[in-house]
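*Asks:* Need coordinates for the following:
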Amino acid sequence: MTHRVAVVVFDGVTMLDVSGPSEVLHQAGRQGHPYELVLVSPSGAQVDTSAGLGLAGTVAAAEAGPVDTVVVAGGDRLAEQRPEDDLLAAVHTLATQAKRVASVCTGAFVLAELGLLDGRRATTHWRHAEALARRYPRVRVEPDAIHIRDGRYVTSAGISAGIDLTLALVEDDHGADVARDIAREMVVFLQRPGGQSQFSTALATPPARSDVLRSVIASVVADPAADHSLPAMAVAAAVSTRHLTRLFGAELGTTPARWVERVRLDRARQLLLDGHSVTSAARHSGLGTDESLRRAFARHLGTTPTHYRQRFATTQRQPPAP
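*Replies:* Predicted coordinates for the structure are as follows:
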């Protein structure tokens, strides 16, 4: 049976928030799992995207017919001002009947304005997460997730995360193998787990002001498996352990040990996705033992290394020798 998906668009919508999910659904259809895509705009008329391209063929919500899933696309202005009443009305009409309601990027502001996310976990583009939490204090905003499911509601981070969200929806409908096949067809490296950070630790780390800390950070990122105990890092930087700890706290807001663990966890995740065994990933990332790796995964990702590898590693890679 064909699954009907309504994507809600409006003037100023981000093009990739629409085209990314649409292409995932198109590829699903090519693999024998058809989706019917319906573009819905507040007035049923053409809308202009933020890139200046027009989206034609839209219908009003009242004309969309029954839909199984609603996806509210994003646009910068949703984070800057209250969504217009006609946009809210369109989403409300569709969401009332749909089994699943999703948002890409700042589309979460529309769902939040309607009260649909009250008491629920949600995410949006990292740049707008603070505004979402401030404007809608009853929403439990998680600013660093790729996408989050809470009941029948699924929210995602910005831009390309809409592809991840839609792959997750396809996986729910047709299984992980179908979702992975679509990701490969679209030359998406992998289907990122929803709880994965929007950034790697290295990218999320603000530029260090001190030469000492910049040197330490570069050394850890370059070789996470090396000896990066606090005494070893302090010796290499020619400072005291107390001074180095103060630098981490003042500039990065964390401790040396916690920051090193996050870098090693990033490396371990990549090793698992490249086909390494749990033991190999633990050793080559610097986390050491299987148990240390399992604890780090549970603490930061809420899953196990084995489950992460089985679900998200591409099946086309051959695992290297341990």
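*Asks:* CA only for contacts and neighbour counts going forward, please
*Replies:* Fine.
*Asks:* where does the protein dip in pLDDT?
*Replies:* 189-205, 312-322 (pLDDT under 70).
*Asks:* Break it down into its structural domains.
*Replies:* 3-186, 211-311 (the TED database).
*Asks:* Could you tell me how far the helix ranked longest in the chain lies from the centre of the chain?
*Replies:* Across the chain, the helix with the greatest residue count (assigned by DSSP state H) is helix 256-273. Centroid displacement of helix 256-273 relative to its chain, using Cα atoms, centre = their mean, to the nearest Å, is 18 Å.
*Asks:* any idea which helix or strand comes after it?
*Replies:* Proceeding N to C from helix 256-273, the next assigned helix or strand is helix 278-285, under DSSP states H and E.
*Asks:* quick check: angle from that next one to helix 256-273?
*Replies:* Angle between the axes of helix 278-285 and helix 256-273 is 130 degrees (criterion: axes from the mean of the first three to the mean of the last three Cα atoms, to 10 degrees).
*Asks:* Can you tell me what sits against the helix or strand just after helix 278-285?
*Replies:* Downstream of helix 278-285, the first helix or strand assigned by DSSP H and E is helix 290-300. Contact with helix 290-300 is made by 261, 265, 268, 278-279, 282, 287, 303-305, as judged by Cα atoms under 8 Å, 6 or more residues apart in numbering.
*Asks:* In CSV, list the C-alpha atoms belonging to helix 290-300.
*Replies:* Taking C-alpha atoms only, helix 290-300 is exported to CSV below (Å, rounded to 0.1, in the frame of the first residue of the first chain):
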residue,chain,number,x,y,z
ASP,A,290,35.8,-3.5,25.4
GLU,A,291,34.3,-2.6,28.7
SER,A,292,35.6,1.0,28.6
LEU,A,293,34.2,1.3,25.1
ARG,A,294,30.8,0.0,26.2
ARG,A,295,30.7,2.4,29.1
ALA,A,296,31.6,5.4,26.9
PHE,A,297,28.8,4.4,24.4
ALA,A,298,26.2,4.0,27.2
ARG,A,299,27.2,7.3,28.8
HIS,A,300,27.3,9.5,25.7
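*Asks:* What's the first helix or strand after that helix?
*Replies:* By DSSP H and E, the next helix or strand past helix 290-300 is helix 305-312.
*Asks:* helices and strands around that next one, which ones?
*Replies:* Using 3 or more Cα pairs under 8 Å, 6 or more residues apart in numbering; DSSP states H and E as the contact test, the elements touching helix 305-312 are helix 256-273, helix 290-300.
*Asks:* Residue 258: how many residues sit nearby?
*Replies:* Other residues within reach of residue 258, judged by other Cα atoms under 10 Å, total 11.
*Asks:* and it, how far is that from residue 241?
*Replies:* Distance, residue 258 to residue 241, by Cα to Cα, to the nearest Å: 15 Å.
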